[in-house]
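S.K.: Give me a model of this one.
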Amino acid sequence: MKRTVTAFSLLEMLIVIAIVSLITTIASAYWAGIHQAYLAKKSISQLNMLLHSARQQAVFTQTNITVCPSIDQQFCSQDWNHPLIMFNDVNQNSKLDPDEALYTMAPASSTFENRTFNGHKIGFNALGMSHFNNGTLRYCLKSKKEYKAKFIISRLGRIRTSNTVNATCF
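M.R.: You can find the predicted model right below:
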């Protein structure tokens, strides 16, 4: 009695492995792009919520609220890629004093992101106005220039979001 053995040849196995590795490579590159786009949209949303929350908190508590970058959660720094803090700045010294409340923090921007602002802090008074803390907070995903946003803060405290296609991404 003769038995027949059916199996894959070495050449067939190598072809299958090559096809699977090609598909995996293409899928992983696509997945990385989707993941970065998700992170950018999440960061833009967090910044938007932080700014609106700061203005609402100022009106609700009838005090000065400051949003600024901070390394140590106490002093404001100049680099807007550091973690952002929102606190009750009663004396407007851009420093979290022991009698002032820290309301929330936003994480530091990742190595793929960049945030800039034309000042060292964003502040709102009891009426929700920003007065001399107005300006534009810019967000940009470094690898994909189409994921960017500008948060334009007027002197009256109005926060307008813009993500125009022709805006420069520093």
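S.K.: So which residues of the chain form strands?
M.R.: Applying DSSP state E to the chain gives strands spanning 65-69, 84-88, 102-106, 113-116, 122-124, 135-141, 148-153, 159-162.
S.K.: Low-confidence ranges, this protein, go.
M.R.: 1, 144-145, 164-170 (pLDDT under 70).
S.K.: How about the contacts made by the residue most central in space within it?
M.R.: With distances taken as CA atoms, centre = their mean, the residue of the chain nearest its centroid is Ser43 (2.8 Å). Applying CB atoms under 8 Å, 6 or more residues apart in numbering to Ser43 gives the contacts 109, 113, 139. Backbone N, C-alpha and C define where each C-beta goes, glycine included.
S.K.: wait, which of these is closest to Ile65?
M.R.: Taking CB to CB as the measure, Ile65 lies nearest Tyr139 of these, at 20.4 Å.
S.K.: Please look at the closest one and Lys148 and confirm they touch.
M.R.: Yes: with contacts counted by CB atoms under 8 Å, Tyr139 reaches Lys148, the gap being 6.2 Å.
S.K.: I figured Asp79 hits Pro69, correct?
M.R.: Yes: assessed by CB under 8 Å, Asp79 is found in contact with Pro69 at 5.7 Å.
S.K.: Look at the two and report which has more neighbours.
M.R.: In terms of neighbours (other CB atoms under 10 Å), Pro69 is the more surrounded of Asp79 and Pro69; the figures are 22 against 13.
S.K.: Return the set of residues that bridge with the more buried one.
M.R.: Leu84 (DSSP bridges).
S.K.: show me what contacts it?
M.R.: Counting by CB under 8 Å, 6+ apart, Pro69 touches 76-85.
S.K.: List only those of the residues you listed flagged as buried.
M.R.: Buried by 16 or more other CB atoms under 10 Å: 76-77, 80, 82, 84-85, out of the contacts of Pro69.
S.K.: and those, which two are the farthest apart?
M.R.: Checking the buried ones among the contacts of Pro69 with CB to CB, the most distant pair is Trp80 and Ile85, at 11.9 Å.
S.K.: quick one: which of the buried ones among the contacts of Pro69 is nearest Lys121?
M.R.: Cys76 (5.3 Å).
S.K.: Contact partners for the closest one?
M.R.: Here Cys76 is in contact with 66, 68-70, 94-95, 120-121 (criterion: CB under 8 Å, 6+ apart).
S.K.: what do you get if the cut-off is 6 Å, keeping everything else the same?
M.R.: Shown in contact with Cys76 (CB atoms under 6 Å, 6 or more residues apart in numbering): 68, 70, 94, 120-121.
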